[in-house]
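J.: how would this look folded up:
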Amino acid sequence: MTKEVRVRYAPSPTGFLHIGGARTALFNYLYARHHNGKFIVRIEDTDIERNVEGGEASQLDNLRWLGIDYDESIDIGGPYAPYRQMERLDVYKEHAEQLLEKGLAYKCFCSSEKLEASREEQKARGVAAPTYDGTCRHLSAEEVAAKEAAGEAFTIRMRVPENVTYEFEDLVRGTVSFESKDVGDWVLVKANGIPTYNYAVVLDDHFMEISHVFRGEEHLSNTPKQMMIFDAFGWEYPSYGHMTLIINENRKKLSKRDESIIQFVTQYKDLGYLPEAMFNFFALLGWSPEGEDEIFSKEQFIEMFDEKRLSKSPSMFDKQKLTWMNNQYIKKLSLEEVVALALPHLQKAGLLPEELSAEQRAWATDLIALYHEQMSFGAEIVELSSLFFNDHIEYDEAANEVLGGEQVPEVMAAFKVQLEALEEFTPDAVKAAIKAVQKETGHKGKNLFMPIRVVATGETHGPELPNAICLIGKEKTIARVEKYAK
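T.: Numbers count the residues shown, from 1 in each chain. A predicted model of the protein is given here:
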């Protein structure tokens, strides 16, 4: 490449970091790092009515949590600052004046009521995508001056060129083209002096020397408008790549109102997902490496990223794949790391106190260790370990079937005696006690282990039985066994 790769992720602080935004940021990041370029985070905050408190912080904090580091932004600065659009209003104003002077834009005095009436009239005529009807396009300089003198509010509209085809090579989709007649004169600057997205983004991309733009396919139709602005100033276009939609498991476009999928990165963080797993999962959401492997480090993704392997088909957000992948990463953690991940969730659920004694921490560590291999995310420990916090057991149909076995009273009576005789209550000691029951009663296999498991834990399957019994405790286990001993 002849010039430095500079890409940007430009979120609006109208909400928190969404999974779609995270994927966009990630692909831009991987492209920049693969080509030893720069990754910029720019804040597009001109939709001031919809900006939310904490929106900027959510974007930046969660990008960093995911491991997506950036080279320039509002918090670390850079040579092309400011990186917040509302701090660049003078740039947009100056260039809007230039477009007016060149006759490439004009002032529009149409009221919102008139514009709405025009839209409805076009819809009534069967126009699928209504455009501005051009009322103010041919106002004379005298008419414009008179309206301004009368204090009429105005927007600034782009004078869309006639009979122009806007064609470009999309990095994902190949050749894409639009006709100017389908666009209609669009607003550059609103009546309050704030630029619209399609105008401001071009000036920012140009002056920040953005070389490539990877973004969601919903921006595809914005591209001809942006190309008009580049043309108006004689500037070079960046290279565009429009990534496909993310769809749910019903193959419907992912909507922020879709409650079947957790949508915001901070929610995954709060549930105890690992950032490395989320990075891995997002990187495969619309991009595929060569071969069948699916688990890669960030460094491996950077090394092998190739925009030619971005998918042209919609990307399904597979929840089961994400939990599987996160489990793969959890398995690689040390026990100390897994305890740090899971313990806060037991405390938040009120199952363990905020301040733990050494004995309580040791117990919690042993508990979490039981589920180290099974756990898919930190918060799952609450449900997985519920049997250790239930004083009252309600047996389901499968459990009752086990308890109905004719050998159960005999097994429980022998097990009770063995438990009471234990001086040390350890997994090895409990295992030896169960072995002694087998020798005494002659019952083995499922006839031995299933009744002990069901009576002690209330469940027909679960973690290693001697370990589980030790965590339940000697007194509680004996009390449960006693009810079924003959």
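
J.: Dump the strand or helix carrying residue 200 to PDB, restricted to CA.
T.: Element membership of residue 200 [criterion: DSSP states H and E] is helix 197-207. Coordinates of each C-alpha in helix 197-207 appear next as PDB, following Å, rounded to 0.1, in the frame of the first residue of the first chain:
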ATOM      1  CA  TYR A 197     -24.100  12.700   9.500                       C
ATOM      2  CA  ASN A 198     -23.500  12.300   5.800                       C
ATOM      3  CA  TYR A 199     -21.900  15.800   5.600                       C
ATOM      4  CA  ALA A 200     -19.800  15.800   8.800                       C
ATOM      5  CA  VAL A 201     -18.500  12.300   8.300                       C
ATOM      6  CA  VAL A 202     -16.900  13.200   4.900                       C
ATOM      7  CA  LEU A 203     -15.000  16.300   6.300                       C
ATOM      8  CA  ASP A 204     -13.800  14.200   9.300                       C
ATOM      9  CA  ASP A 205     -12.700  11.300   7.100                       C
ATOM     10  CA  HIS A 206     -10.900  13.700   4.800                       C
ATOM     11  CA  PHE A 207      -9.100  15.800   7.400                       C
END
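
J.: Give me the buried stretch members for it, please.
T.: 197-206 (16 or more other Cβ atoms under 10 Å). For glycine as for every other residue, the C-beta is placed from the backbone atoms N, C-alpha and C.

J.: so how many other residues sit close to the residue lying closest to residue 43 once chain neighbours are set aside?
T.: Leaving out its chain neighbours, the residue that sits closest to residue 43 by Cβ to Cβ, 6 or more residues apart in numbering is residue 84, at 4.6 Å. Residue neighbour count, defined by other Cβ atoms under 10 Å, stands at 16 for residue 84.

J.: Repeat that for residue 272.
T.: Residue 272 is flanked by 21 other residues according to other Cβ under 10 Å.

J.: Next, give phi and psi for the closest residue in space to residue 176 that isn't next to it in sequence.
T.: Counting by Cβ to Cβ, 6+ apart, residue 176 lies nearest to residue 170, which is 4.9 Å off, once chain neighbours are set aside. When quoted as degrees, to the nearest 10, the phi and psi of residue 170 stand at phi -70, psi 130.

J.: in the stretch 301-450 of the chain, which spans are helices?
T.: Counting by DSSP state H, counting those that start in this stretch, the stretch 301-450 of the chain has helices at residues 319-331, 335-348, 358-370, 380-384, 397-403, 408-420, 427-441, 446-457.

J.: Kindly reformat those as JSON lines containing distance to residue 147.
T.: Listed next are the helices of the stretch 301-450 of the chain as JSON lines, based on distance: least, Cβ to Cβ, whole Å:
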{"stretch": "helix 319-331", "distance to residue 147": "56"}
{"stretch": "helix 335-348", "distance to residue 147": "61"}
{"stretch": "helix 358-370", "distance to residue 147": "71"}
{"stretch": "helix 380-384", "distance to residue 147": "64"}
{"stretch": "helix 397-403", "distance to residue 147": "79"}
{"stretch": "helix 408-420", "distance to residue 147": "93"}
{"stretch": "helix 427-441", "distance to residue 147": "86"}
{"stretch": "helix 446-457", "distance to residue 147": "80"}
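
J.: Make sure I have this right: residue 167 is in a helix.
T.: No: applying DSSP: H, G, I helix; E, B strand; the rest coil, one finds residue 167 to be strand, outside a helix.

J.: The nearest residue to it once chain neighbours are set aside - how many residues pack around it?
T.: Leaving out its chain neighbours, the residue that sits closest to residue 167 by Cβ to Cβ, 6+ apart is residue 177, at 4.0 Å. Using other Cβ under 10 Å, residue 177 is surrounded by 9 other residues.

J.: which SSE is the residue nearest to residue 169 when sequence neighbours are not counted in?
T.: Leaving aside its chain neighbours, residue 169 sits nearest to residue 175 (5.9 Å; criterion: Cβ to Cβ, 6+ apart). Per DSSP H and E, residue 175 falls inside strand 174-179.

J.: Can you tell me which helices and strands the helix or strand just after that strand packs against?
T.: Using DSSP H and E, the helix or strand that follows strand 174-179 in sequence is strand 187-189. Other helices and strands packing on strand 187-189, by 3 or more Cβ pairs under 8 Å, 6 or more residues apart in numbering; DSSP states H and E, are helix 89-101, strand 155-158, helix 197-207.

J.: in the helix or strand following the last one, what's buried?
T.: It refers to helix 197-207. Next helix or strand after helix 197-207 toward the C-terminus (DSSP H and E): strand 212-216. Buried positions in strand 212-216, judged by neighbour count with 16+ other Cβ under 10 Å: 212-216.

J.: One more: stretch 82-93?
T.: 83-85, 88, 91-92.

J.: starting at the chain centroid, how far to it?
T.: 29 Å (Cα atoms, centre = their mean, to the nearest Å).

J.: ok, and what's touching that stretch?
T.: The contact list for stretch 82-93, computed with Cβ atoms under 8 Å, 6 or more residues apart in numbering, reads 40-46, 48, 72-74, 77, 189, 193-195, 199-200, 203-204, 207.
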